[in-house]
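Enquirer: 3D model of this:
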Amino acid sequence: MKFLIRLGIWVLFYSFWNNRLFLWARKHKWFKEDHGTFDKLAVLLTMFGVGFAVYQYIFSVKPIFDKENELATAKVEINELSNEIKEKNSEALRLQNDIKNSTTLSEELKSDVTNLQKEKEQLSAQVERSKLEISELQSNIADTRDNALEAYLYKHVSEIMNDLLLENLYDKNTLSKSHSLLYVEEALDKASIENVEKEALNIIKEYAETTMPEDSYETTDIYGALIYYAEKNTNMP
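Expert: Okay, the predicted model is just below:
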């Protein structure tokens with residue numbers, strides 16, 4: 001490349017030495033007519049030196065500056081891209097950590113759900129067992145209550161009958177119905193009486209009011225309360 005540049009300069013110098021370049025230099029008084037050959041050559045070489053320097057700047061130095069500017073711009077862009085890549089990497093790591101934490105949390109939640117499901121099944125089984133126990137207890141309570149009610153019925157019916165027998169020993173005019181109702185009222189007035197016993201007395205009262213004849217003196221009429229209760233209990237759902 002340098003050889004070609006030098007060759008071109010020599011050709012230009014040789015071509016324009018005795019015509020245009022020479023005339024132009026003389027016109028602008030770069031050298032005088034009485035100058036010698038070496039003086040003329042020195043002026044022309046100076047001119048070509050300046051031209052060559054301009055040429056070198058345009059085609060050699062300036063491209064280097066341009067490339068350096070492009071390189072600097074590229075470096076800035078690379079730095080910006082590098083920073084952006086770092087930010088993306090940081091964001092990717094954060095997302096990976098979030099996903100990892102979410103996965104861990106999801107596994108923990110699944111485990112909690114499984115445990116809760118097991119506890120629910122255990123509680124459901126316990127509830128069913130409790131329902132059976134309650135049903136059995138209610139059945140036992142009902143049986144016990146019925147037994148207690150029947151016992152109170154027998155007790156008070158027997159006492160009413162005994163009272164009627166004693167009354168009839170001295171007075172034949174004692175009515176079974178009125179005496180039975182009087183007995184029930186006196187028994188219900190007792191403060192210590194239990195609910196089941198009250199129910200038994202009310203059954204006797206209901207029987208006496210609705211079924212016993214007004215003018216009967218028979219002591220055995222009160223036994224009808226037991227049959228009345230049995231029939232009523234049978235008809236209950």
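
Enquirer: C-alpha only now, for contacts and for neighbours.
Expert: OK.

Enquirer: so where do the helices sit in the protein?
Expert: Here the chain has its helices, by DSSP state H, at 2-16, 20-27, 37-56, 62-170, 176-188, 195-210, 224-235.

Enquirer: which parts of stretch 148-166 are buried?
Expert: Buried residues in stretch 148-166, counted by 16 or more other C-alpha atoms under 10 Å: 149-150, 152-154, 156-157, 160-161, 163-165.

Enquirer: over to stretch 215-235?
Expert: By 16+ other C-alpha under 10 Å, the buried positions in stretch 215-235 come out as 217-219, 221-226, 228-229.

Enquirer: residues in contact with that stretch?
Expert: Residues from elsewhere that reach stretch 215-235 (C-alpha atoms under 8 Å, 6 or more residues apart in numbering): 153-154, 157, 160-161, 164-165, 172-177, 180, 203-204, 207-208, 212.

Enquirer: now do 6 Å
Expert: Contacts to stretch 215-235, defined as C-alpha atoms under 6 Å, 6 or more residues apart in numbering, come from residues 161, 164, 175-176, 204, 207.

Enquirer: now those residues as TSV including distance to residue 120 and pLDDT?
Expert: Below are these laid out as TSV (distance: C-alpha to C-alpha, whole Å; pLDDT from 0 to 100):
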residue	distance to residue 120	pLDDT
161	60	84
164	64	80
175	66	75
176	63	80
204	51	87
207	52	87
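
Enquirer: which of these sits closest to residue 87?
Expert: Residue 87 lies nearest to residue 204 out of these, by C-alpha to C-alpha, at 95.1 Å.

Enquirer: excluding its backbone neighbours, what's nearest the closest one?
Expert: Counting by C-alpha to C-alpha, 6 or more residues apart in numbering, residue 225 is the residue found nearest to residue 204 once chain neighbours are left out, at 5.7 Å.

Enquirer: tell me the phi and psi of residue 194?
Expert: Here is the backbone geometry of residue 194 (degrees, to the nearest 10): phi -90, psi 160.

Enquirer: now for it, how many residues are close by?
Expert: 11 (other C-alpha atoms under 10 Å).

Enquirer: can you tell me which helix or strand of the chain has the lowest average pLDDT?
Expert: Across the helices and strands of the chain, mean confidence by mean pLDDT, DSSP states H and E is lowest for helix 2-16: a mean of 51.

Enquirer: where's residue 211 relative to residue 203, distance?
Expert: 11 Å (C-alpha to C-alpha, to the nearest Å).

Enquirer: out of those two, name the residue with the larger neighbour count.
Expert: Using other C-alpha under 10 Å, the more surrounded residue of residue 211 and residue 203 is residue 203, with 20 against 15.
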